[in-house]
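Student: Predicted model, plus sequence, below.
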Protein chains: 2
Amino acid sequence: MAVKTKGQGGISGATIDRLPLYFRTLRLVQDEGRDIISSDELGRRLGITPEQIRKDLASFGQFGKKGVGYYVNELKHNVGNILGLDNHWNIAVVGIGHLGAALANYQNFVALGFNLVALFDQDPHVIGTVVNHVKVEDSRRIREIVRQRKIHIGIIAVPAAFAQGVADELVEAGVQGIWNFAPIKMQVPETMHIVNEDLSIGLSSLSYYLTRT
Amino acid sequence: MAVKTKGQGGISGATIDRLPLYFRTLRLVQDEGRDIISSDELGRRLGITPEQIRKDLASFGQFGKKGVGYYVNELKHNVGNILGLDNHWNIAVVGIGHLGAALANYQNFVALGFNLVALFDQDPHVIGTVVNHVKVEDSRRIREIVRQRKIHIGIIAVPAAFAQGVADELVEAGVQGIWNFAPIKMQVPETMHIVNEDLSIGLSSLSYYLTRT
């Protein structure tokens, strides 16, 4: 569960969070060789009401044709465009423990157009190993390599105690955004985009729903 | 980023998603030996407006004292109660690849009161190994062990192609909730609580914000 502080341009954070779901489902529909999909069917596949889907997509422009549905390729292209996926951001993962390795291997990132260009760790036993075709570099080289490889987004998967230090280095190296998995509130410049991922939220909200069964 | 289909009892899904953040922050404040915290300070620590915090907490009852603030222990206790964390749910992880191992090792779950009681995998090289003091069992024993160990929540961290099969077994074994990391839309009975975790949402929404810098 990602926690952002705000939406932007009048579009709610909840809408923005649904766009990747639309994108993923449209990719599947495209793979099935379909050209058109209705908001009803999109809704069924996503567990979202068709009204919500129409409302979400209408806030970005006119993508559907009344009585026909959405043109799959066009809509997928446009949603990807809105999400900025055609920027093909270069990403790096810092901290190649189990979580970092899982992130480095996550196939969906490639499918979404992200390029994994660097991995970092401080453990001499991990440095030099290869995960998903990328060699793990020494964390002390973050600044140098972030610049060299033009890394846009740094993913922090180190233990909480090291996370702020890594964030400082990433910021100084010039990344534009940070995706943080460490359970701390980072201090970063106001201009830095940061998305905090907190895995305990999903499980806690499940607990909430189970309690009310 | 967790995706639920609905909130419940008039409380929005967004409010429920913030409760674990409150809980975590209150735990930290408690560890610092503090007795009282204002909604202003809670807000600063969480990056949420004090108004939002007061609104969220008011929807569950009266926890603060005007001009004084919130009593930390009481509020933490109550938020944990609302989240149902005092049920001390028994959880199991199915699929002990990098992601499953990361989840099995996630310290925050323990801190939130969840009990990790079983791990499952189908790989003979993984079965019998021990992760975070729990032995990995053969996935073929899911039904038997879920019943034996009274597992409430099954966490699915297997590849997409195996996820529905695992969900079917967990449902048949009698779990009450599923936390699913596989990027597919599960078919489960209407009565089953399921939270789908989609890691590509966090990164995609970061892409969205970067594009608009």
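Tutor: Nice, I can see it. Bear in mind that the values here come from a model prediction, so they are computed numbers and not experimental data.

Student: Counting neighbours, what do you get for residue A:12?
Tutor: Using other C-beta atoms under 10 Å in any protein chain shown, the number of residues around residue A:12 comes to 14. C-betas here are computed from N, CA, C, even on glycine.

Student: try residue A:206
Tutor: Neighbours of residue A:206 (other C-beta under 10 Å): 27.

Student: Please, which helix or strand holds it?
Tutor: Using DSSP states H and E, residue A:206 sits within helix A:199-211.

Student: May I see the buried residues of that helix?
Tutor: Along helix A:199-211, these residues count as buried under the neighbour rule (16 or more other C-beta atoms under 10 Å in any protein chain shown): A:199-210.

Student: Just give me the longest strand of chain A.
Tutor: strand A:115-121 (DSSP state E).

Student: what does the helix or strand following that one contact?
Tutor: Beyond strand A:115-121 in the direction of the C-terminus, DSSP H and E gives the next helix or strand as strand A:130-131. Contact partners of strand A:130-131, identified using C-beta atoms under 8 Å, 6 or more residues apart in numbering or on different chains, comprise A:96, A:101, A:104-105, A:119, A:136.

Student: buried ones in the helix or strand just after strand A:130-131?
Tutor: The first helix or strand that comes after strand A:130-131 along the chain, using DSSP H and E, is strand A:134-138. By neighbour count on 16+ other C-beta under 10 Å, the buried set for strand A:134-138 is A:134, A:136-138.

Student: Farthest-apart pair in those residues, please.
Tutor: Greatest spatial distance among these (C-beta to C-beta): A:134 and A:138, at 14.0 Å.

Student: Can you tell me how far the residue of chain A most remote from its centre is from chain B?
Tutor: Farthest-out residue of chain A from its mean C-alpha position, per C-alpha atoms, centre = their mean: residue A:67, at 33.1 Å. From residue A:67 across to chain B, the span is 26 Å (C-beta to the nearest C-beta, to the nearest Å).

Student: Figure out the helix or strand that that residue lives in.
Tutor: Short version, using DSSP H and E: residue A:67 is in no helix or strand.

Student: what's the answer for the one 3 residues further on, then?
Tutor: Using DSSP H and E, residue A:70 maps to strand A:69-71.

Student: Give the partner strands of that strand in its sheet and their orientations.
Tutor: Counting by DSSP bridges, the strands paired with strand A:69-71 are strand A:36-37 (antiparallel), strand A:64-65 (antiparallel).

Student: what comes up buried for that strand?
Tutor: Applying 16+ other C-beta under 10 Å to strand A:69-71 flags A:69-71 as buried.

Student: so which of those comes closest to chain B?
Tutor: residue A:70 (18.1 Å; C-beta to the nearest C-beta).

Student: show me the contacts for the nearest residue to the closest one once chain neighbours are set aside.
Tutor: Leaving aside its chain neighbours, residue A:70 sits nearest to residue A:64 (4.6 Å; criterion: C-beta to C-beta, 6 or more residues apart in numbering or on different chains). Residue A:64 makes contacts with A:39, A:54, A:57, A:70, A:75, as judged by C-beta under 8 Å, 6+ apart.

Student: The last one contacts residue A:65, correct?
Tutor: Think residue A:75. No: with contact defined as C-beta atoms under 8 Å, residue A:75 does not count as touching residue A:65 (10.8 Å).

Student: biggest separation within the contacts of strand A:130-131, which pair?
Tutor: Maximum distance among the contacts of strand A:130-131 (C-beta to C-beta): 12.9 Å, for A:105 and A:136.

Student: Make sure residue A:155 is indeed in a helix.
Tutor: No: using DSSP: H, G, I helix; E, B strand; the rest coil, the assignment for residue A:155 is strand, not a helix.

Student: measure it to residue A:131 for me?
Tutor: 13 Å (C-beta to C-beta, to the nearest Å).

Student: neighbour-wise, which of these two wins?
Tutor: Between residue A:155 and residue A:131, counting by other C-beta under 10 Å, residue A:155 is the more crowded of the two (31 against 20).

Student: My guess is the more buried one contacts residue A:94. True?
Tutor: Yes: Residue A:155 lies in contact with residue A:94 (C-beta under 8 Å); the separation is 6.8 Å.

Student: shared neighbours of these two, which are they?
Tutor: residue A:100.

Student: Now do the helix of greatest length in chain A: which elements does it pack against?
Tutor: For chain A, the helix with the greatest residue count under DSSP state H is helix A:13-31. On a contact count with 3 or more C-beta pairs under 8 Å, 6 or more residues apart in numbering or on different chains; DSSP states H and E, helix A:13-31 meets helix A:39-46, helix A:50-58, helix A:72-83, helix B:199-211.

Student: Does chain B have contacts with the third one?
Tutor: Pointing back at helix A:72-83 there. Yes: judged by C-beta under 8 Å from any C-beta of the partner chain, helix A:72-83 and chain B are in contact via A:82-83.

Student: After that helix, which helix or strand is next? Please name it.
Tutor: Following helix A:72-83 in sequence, per DSSP H and E, is strand A:90-94.

Student: Just give me how far that next one sits from the chain centre.
Tutor: 12 Å (C-alpha atoms, centre = their mean, to the nearest Å).

Student: what's the answer for stretch A:104-119, then?
Tutor: 10 Å.

Student: again, but for stretch A:170-183
Tutor: Distance, centroid of stretch A:170-183 to centroid of chain: 13 Å (C-alpha atoms, centre = their mean).

Student: Restrict that stretch to CA atoms and write it as PDB.
Tutor: Output of stretch A:170-183 as PDB, limited to C-alpha atoms (Å, rounded to 0.1, in the frame of the first residue of the first chain):
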ATOM      1  CA  LEU A 170      20.100   9.600  -3.700                       C
ATOM      2  CA  VAL A 171      18.900  13.200  -3.300                       C
ATOM      3  CA  GLU A 172      22.400  14.500  -3.600                       C
ATOM      4  CA  ALA A 173      23.000  12.300  -6.600                       C
ATOM      5  CA  GLY A 174      20.100  14.000  -8.300                       C
ATOM      6  CA  VAL A 175      17.300  11.300  -8.500                       C
ATOM      7  CA  GLN A 176      13.900  12.800  -9.100                       C
ATOM      8  CA  GLY A 177      11.800  10.400  -7.100                       C
ATOM      9  CA  ILE A 178      12.200   7.900  -4.200                       C
ATOM     10  CA  TRP A 179      10.100   4.800  -3.600                       C
ATOM     11  CA  ASN A 180      10.700   4.000   0.100                       C
ATOM     12  CA  PHE A 181      10.000   0.600   1.700                       C
ATOM     13  CA  ALA A 182      11.700   1.400   5.100                       C
ATOM     14  CA  PRO A 183       9.200   2.100   7.900                       C
END
